[in-house]
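Undergrad: Okay, sequence plus prediction incoming.
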There are 2 protein chains.
Amino acid sequence: MEKTRDMETERLARAALSRLMEPQDAAGLALVQLAGATEALRIATGRVAAGPDLERDITALLADSGSAGSWAGLAAALRRWQPRIPDLAPERDLATMARLGGRVIIPGDELWPAQLADLGIQEPICLWWRGQEQPLPALEKSIALVGSRDSTSYGAAVTGDLAYSLAQRGYTIVSGGAYGIDAHAHRAALAGGSAAVPTIAVMAGGVDRFYPSGNEDLLRAVANQGAVLAEVPPGSAPTRYRFLQRNRLIAALSAVTVVVEARWRSGALNTAHHAETLGRAVGAVPGSVHSANSAGCHRLLRDGGAVCVTDAAEVAELASPSGTGLPEQRASEAAVQDGLTLEDLILLDALPLRSTTSVEKLSVVAGLGQDSVRAGLGRLGLLGLAVAERGGWKRGKG
Amino acid sequence: MEKTRDMETERLARAALSRLMEPQDAAGLALVQLAGATEALRIATGRVAAGPDLERDITALLADSGSAGSWAGLAAALRRWQPRIPDLAPERDLATMARLGGRVIIPGDELWPAQLADLGIQEPICLWWRGQEQPLPALEKSIALVGSRDSTSYGAAVTGDLAYSLAQRGYTIVSGGAYGIDAHAHRAALAGGSAAVPTIAVMAGGVDRFYPSGNEDLLRAVANQGAVLAEVPPGSAPTRYRFLQRNRLIAALSAVTVVVEARWRSGALNTAHHAETLGRAVGAVPGSVHSANSAGCHRLLRDGGAVCVTDAAEVAELASPSGTGLPEQRASEAAVQDGLTLEDLILLDALPLRSTTSVEKLSVVAGLGQDSVRAGLGRLGLLGLAVAERGGWKRGKG
């Protein structure tokens, strides 16, 4: 009971903090980590003054996590947060979420996706979640499909195939809810979905509004059957900065991030780089060298950070490198000739397809001694690659 | 004079040996390396008996070079060579080459391509060369373009672009003279060629015949303006075994081997693997995941051995990793925003495009203190990304 009340206090504090601070505000995240969310909120809103120890600890933590670059002291951070203090109303925000059929989850909740801890100090303060209350998929069952807004018919077809096929195999498709590749990914995942949460849309703005408006029906379906998530509170506009920060959540939620189509400069590449930084697998779908919409994918392949993926089986393999993914279907395509020695291959070449020939002639044509020819014909005969007919030899069908 | 006569004796011996032994006959190559070509011919034709020392040395050499697998003793090798002894007539073969406007070159000749020494014991015994007598290109100026015989219009277009563009920049295009990608590569190299030898066709059969016959005119043009090479003597049929061996020569001659189009199982992949084994660069051109003719290229990319290449500049870069290749044109595409801090990027997002706004409003929207907003506007103003207008601020064009 005590614990529940603590969690609810913490939840309100984190809901408020997520409105006060932009995503990945390094000073704010360090403050929360060191002082706890409730105390951090008191300090951030000026109700409590921070001692000099805290300022020193924040400096040390930011230096440790490599985020000291933008740190200009707590006073500067307080000035940055100050303009938003009048807007704080976390109880109202939680009520809004409840009305929308949603909730706020925070680290420590049973429903909190454990894989977000890999973000370290960049783990979001909370997540605003619109959709049914049910466990979100584990890392190894989540695959992100991302790409250009202005996708081509090729990108649409490949995205649809991958998302549908992966969803049918029980994977959850994570994407960003945008036009183009994102929309195709969500749509096909809803159609093929066999997991409890077939697809997740991670938004750059608040989940109260389905943005962009052209995707409203789609995102409503994603919320109904899957989940729509954001780290910014209801009412937040999807600014470019928030898009870039949002990308780290898509990457962190997913075992694999696949870029299906992307221009040379594209936000999808940013998501791929986040995935790489987290040590997650990155896949890139190849396409025509004449298509500007594949140039970003080829760039990823060329830079060596991404694996070339052409179908759902190859993507699933990346999600489970231990080999528990889908079977490699193409192994069976290996021809029977593959195991032959060079000498037998030479002999096979020398065997006529229609007429038959003698061991003596084969010896001359193949440049092999007659003993070798006889031994080789025996081996090829066992494989059905050579057949004896009316005292001579010809090629078999293998 | 003495030296010249020695070389001509050696040339005749090697010409004869190349008829006696299939390409890459490990026992034969070891024999030549240990005994010298002239003595090796005497032994191989039974005119001289080999001592037990030689047999032991061959065994050791083959074990060292990892080719002991097919070695069954000198007696077995002699039986293999025996059926072809009656066909030996090296003087006649050399006369044939002279009549065709060609020659035979051997290691030690000034015209011998130095890069073939990287093949070690697999270096060919000699090369039958049809075309003008002139130096063949150095390793770093040779690029192999290979691929499917049944190329698509996409493969044809990409091959044409690459070969023409590389030939114009002074590279020699090496390929195999086959239908499809090979033919497109030779043709475009002839059209774009600025090097003395714009293109080289390395044949699996004898150079006396232009094979396949549908490429006869093209190969005649390659011989006239470039070079047609083979390690097998005139009159040799292009067997499958010889195709596979020929591929190692294409790879060894070239600094880079680019596979433009290849099916999942394709001889072009064999050339790529030879190049990898030699430590040469391998490029693969991406294509549609729906095209079976790109599946082999994607396989190479996926296996990690090949670099994704989409234009001539990227191929040239592989040929000269030190950076002496073509300039990276895309560097200039970097936008001015790239150097901004996260805080300035947030501020940039908050700036309206048409109307103007105040520092106070920017402070609330961006979640930044007013001092930070003023400082940021100063930095963005210097870059032209923010402009002051009638007492307010709006977005600049950068």
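TA: Received the coordinates, thanks. Numbers count the residues shown, from 1 in each chain, chains lettered A, B, ... in the order given.

Undergrad: List the residues that contact the residue of the stretch 151-300 of chain A found nearest chain B.
TA: In the stretch 151-300 of chain A, the residue that lies nearest chain B is residue A:286 (3.3 Å; C-beta to the nearest C-beta). For glycine as for every other residue, the C-beta is placed from the backbone atoms N, C-alpha and C. By C-beta atoms under 8 Å, 6 or more residues apart in numbering or on different chains, the residues touching residue A:286 are A:294, A:297-298, A:301, A:308, A:310, B:286-289, B:294, B:297-298, B:301, B:308.

Undergrad: ok, for it, nearest residue in space, not its chain neighbours?
TA: Residue nearest to residue A:286 in three dimensions, not counting chain neighbours: residue B:286, with 3.3 Å by C-beta to C-beta, 6 or more residues apart in numbering or on different chains.

Undergrad: Doesn't residue A:133 lie inside a strand?
TA: No: Residue A:133 is assigned coil when assessed by DSSP: H, G, I helix; E, B strand; the rest coil, not a strand.

Undergrad: so what's it closest to, chain neighbours aside?
TA: residue A:103 (6.6 Å).

Undergrad: thinking again about what came up before, what's the pLDDT at the residue nearest to residue A:286?
TA: Reported pLDDT at residue B:286 in the predicted model: 98.

Undergrad: and it, how far is that from residue B:295?
TA: Per C-beta to C-beta, to the nearest Å, residue B:286 is found 11 Å from residue B:295.

Undergrad: Let me see the ranges of the strands in the stretch 1-150 of chain A.
TA: A:102-105, A:127-130, A:142-147 (DSSP state E, counting those that start in this stretch).

Undergrad: Tell me which of these sits most buried.
TA: Among these, ranked by average contacts under mean count of other C-beta atoms under 10 Å in any protein chain shown, first place goes to strand A:142-147 (a mean of 31).

Undergrad: Just the residues contacting it, thanks.
TA: A:115, A:155, A:159, A:162-163, A:166, A:171-176, A:180-182, A:185, A:200, A:250-251, A:253-262, A:266, A:268, A:271-272, A:275, A:315-316, A:319.

Undergrad: Keeping just the C-alphas, turn that strand into PDB.
TA: The C-alpha trace of strand A:142-147 is given here as PDB (Å, rounded to 0.1, in the frame of the first residue of the first chain):
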ATOM      1  CA  SER A 142      10.200  -6.200 -31.500                       C
ATOM      2  CA  ILE A 143      11.400  -5.100 -34.900                       C
ATOM      3  CA  ALA A 144      11.500  -1.500 -36.100                       C
ATOM      4  CA  LEU A 145      10.700  -0.800 -39.800                       C
ATOM      5  CA  VAL A 146      11.500   2.800 -40.700                       C
ATOM      6  CA  GLY A 147      12.000   4.900 -43.800                       C
END
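
Undergrad: Sheet partners, orientation included, of it?
TA: Strands that pair with strand A:142-147, judged by DSSP bridges, come out as strand A:172-175 (parallel), strand A:256-261 (parallel).

Undergrad: could I get those strands as CSV with mean pLDDT?
TA: Below are the strands paired with strand A:142-147 laid out as CSV (pLDDT from 0 to 100):
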stretch, mean pLDDT
strand A:172-175, 98
strand A:256-261, 98
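
Undergrad: Out of those, which is closest to residue B:382?
TA: strand A:256-261 (34.2 Å; C-beta to C-beta).

Undergrad: what's the domain layout of chain A?
TA: Split into domains by automatic domain parsing, chain A comes to A:1-88, A:128-331, A:336-395.

Undergrad: so how far is the last one from its chain's centroid?
TA: Per C-alpha atoms, centre = their mean, to the nearest Å, the displacement of domain A:336-395 from the mean C-alpha position of its chain is 52 Å.

Undergrad: can you redo the strands of the stretch 1-150 of chain A as JSON lines with mean pLDDT and distance to residue A:353?
TA: Below are the strands of the stretch 1-150 of chain A laid out as JSON lines (pLDDT from 0 to 100; distance: least, C-beta to C-beta, whole Å):
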{"stretch": "strand A:102-105", "mean pLDDT": "98", "distance to residue A:353": "69"}
{"stretch": "strand A:127-130", "mean pLDDT": "98", "distance to residue A:353": "67"}
{"stretch": "strand A:142-147", "mean pLDDT": "98", "distance to residue A:353": "48"}
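
Undergrad: Give me the residues contacting stretch A:193-202.
TA: Identification of contacts with stretch A:193-202 by C-beta under 8 Å, 6+ apart yields A:131, A:134-137, A:141-142, A:163, A:167-177, A:182, A:185-186, A:189-190, A:192, A:219, A:222-223, A:225-230, A:246, A:249-250, A:253.

Undergrad: First-to-last residue distance for it?
TA: For stretch A:193-202, the first-to-last residue distance is 18 Å (C-alpha to C-alpha, to the nearest Å).

Undergrad: try stretch A:252-262
TA: Using C-alpha to C-alpha, one end of stretch A:252-262 lies 20 Å from the other.

Undergrad: how far does that stretch sit from the chain's center?
TA: In terms of C-alpha atoms, centre = their mean, the centre of stretch A:252-262 is found 3 Å from the chain centre.
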